[in-house]
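> need a structure here:
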Amino acid sequence: MQTSQSFPAAFRATWPVLFGYLPLGLAFGVLFAQLGYPWYYATLMAVTVYAGAAQFMAVGLLAAGAGLLEIGLATLLLNARHIFYGLSLAPRFPTAGLSRLYLMFGLTDETYALLTSSNPPAPEAARRFYLQITALNQSYWIAGCTLGALLGAAITLDTRGLEFTLTALFVILLVEQARAVRDPRPFLIALASGAVALLTVGSEHMTLVALGLATLLLFLNRRVYA
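This is a model prediction of the structure:
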């Protein structure tokens, strides 16, 4: 299957991310521009960092005068959940080459949700389909961050409420996952893990604890029903 045949399917699959990443990227770009950096720094972060939550966190840390080591460690801890994503998708990715490296780099929460819930148009086009989804998602994020930085440098905008777009995007992707999996157990395990983590360690550290607990419970569940 040619690239021109698989691209429309990848574009249709990424529509929810398009409508989430553009406004969220705009919000980041505007906030970043308020720090006084040139607009193209926001574009550079979208290209090289490409992590929505980490980039928003970096805005706060930069505003507080944090150093590069501090920002790097905080970003590593925040994005440690991607280790679990990569391990589960490793068999689907190419065994070597630049395409494997890019798929690993571009594995955001939203991209992971699409790669695990969207079916490629043909088995032989799967890897190309995954690459197109990943590249399209990053292009939306780059466009949003760049436009936001340009707007933020030119005019003053009120960005209150824009952060809700990320929550809305996760809800859409959750619905798509539920329709694809059709098994309530993973979602109930995730809900229970998140609740336990929130009650035991609080909101600041709940992500890593919830992911670890959910991974353990899913592993035990698989052993029971294997």
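
> for the lengthiest helix in the chain, packing partners?
Assignment by DSSP state H gives helix 126-154 as the longest helix of the chain. In terms of contacts (3 or more C-beta pairs under 8 Å, 6 or more residues apart in numbering; DSSP states H and E), helix 126-154 is packed against helix 3-13, helix 15-33, helix 39-48, helix 98-105, helix 109-117. C-betas here are computed from N, CA, C, even on glycine.

> helices or strands next to the first one in the packing?
For helix 3-13, the contact count by 3+ C-beta pairs under 8 Å, 6+ apart identifies helix 126-154 as packing neighbours.

> if I look at the nearest residue to residue 127 once chain neighbours are set aside, how far off is residue 118?
Nearest residue to residue 127, sequence neighbours excluded (C-beta to C-beta, 6 or more residues apart in numbering): residue 94, at 5.8 Å. Using C-beta to C-beta, to the nearest Å, we find residue 94 at a distance of 18 Å from residue 118.

> From residue 114, how far off is residue 16?
Distance of residue 16 to residue 114, computed by C-beta to C-beta: 8 Å.

> What pLDDT does the model give the nearest residue to residue 10 once chain neighbours are set aside?
Among residues not flanking residue 10 along the chain, residue 132 sits closest, at 3.7 Å (C-beta to C-beta, 6+ apart). Note for residue 132: predicted pLDDT of 95.

> what's the most buried one of the helices and strands packed on helix 126-154?
helix 15-33 (a mean of 23; mean count of other C-beta atoms under 10 Å).

> In CSV, could you pull the C-alpha coordinates for that one?
The C-alpha coordinates for helix 15-33 follow below in CSV (Å, rounded to 0.1, in the frame of the first residue of the first chain):
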residue,chain,number,x,y,z
TRP,A,15,-8.8,14.5,14.1
PRO,A,16,-9.5,14.4,17.9
VAL,A,17,-5.8,15.3,18.6
LEU,A,18,-5.9,18.1,16.0
PHE,A,19,-8.7,19.8,17.8
GLY,A,20,-7.0,19.3,21.2
TYR,A,21,-3.4,20.1,20.3
LEU,A,22,-4.1,23.3,18.4
PRO,A,23,-5.8,25.3,21.3
LEU,A,24,-3.6,23.7,23.9
GLY,A,25,-0.5,24.6,21.9
LEU,A,26,-1.9,28.1,21.4
ALA,A,27,-2.2,28.4,25.2
PHE,A,28,1.4,27.2,25.7
GLY,A,29,2.7,29.6,23.1
VAL,A,30,1.0,32.6,24.6
LEU,A,31,2.2,31.7,28.1
PHE,A,32,5.8,31.1,26.8
ALA,A,33,5.8,34.5,24.9
